[in-house]
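Undergrad: Fold the following and give me the result.
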Amino acid sequence: MDVQTQEADRFLDFLSRKNIDASALADAEPAVFQKWKALFDQMHEESFLMHQKFHINPIRRKYPKTRYPSR
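TA: Predicted coordinates for the structure are as follows:
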């Protein structure tokens, strides 16, 4: 496995842990996905989290990984 693949896997794992559907985000907002991936590749995960803290929740609400049944 090459370094670029490992970095992509790390980013996808991060999105998954934040309950964000990576494929839905990449399809709907490719510019945001690419920007986040580029930033994530350049900094530590915690730094990325602090840098994007107020942007993660709206994205998580728009593209949730887990769909909850409505009541």
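
Undergrad: contacts, neighbours, all on C-alpha from now
TA: Noted.

Undergrad: now the helices for this structure?
TA: With helices called from DSSP state H, the chain shows them at 3-17, 22-28, 30-42, 45-51, 53-62.

Undergrad: Could you tell me the least trusted of those helices?
TA: With a mean of 83, helix 3-17 has the lowest mean pLDDT of the helices of the chain.

Undergrad: burial count for residue 54?
TA: By other CA atoms under 10 Å, the residues close to residue 54 number 10.

Undergrad: With the one 3 residues further on instead?
TA: Residues lying near residue 57 (other CA under 10 Å) number 15.

Undergrad: Now for the residue nearest the centre of the chain: which residues touch it?
TA: By CA atoms, centre = their mean, the chain has its centre lying nearest to residue 15, at 3.5 Å. By CA atoms under 8 Å, 6 or more residues apart in numbering, the contact set of residue 15 is 21, 22.

Undergrad: Likewise for residue 19?
TA: 60, 64, 65, 66.

Undergrad: Among these, find me the one that's closest to residue 41.
TA: Residue 41 lies nearest to residue 60 out of these, by CA to CA, at 20.0 Å.
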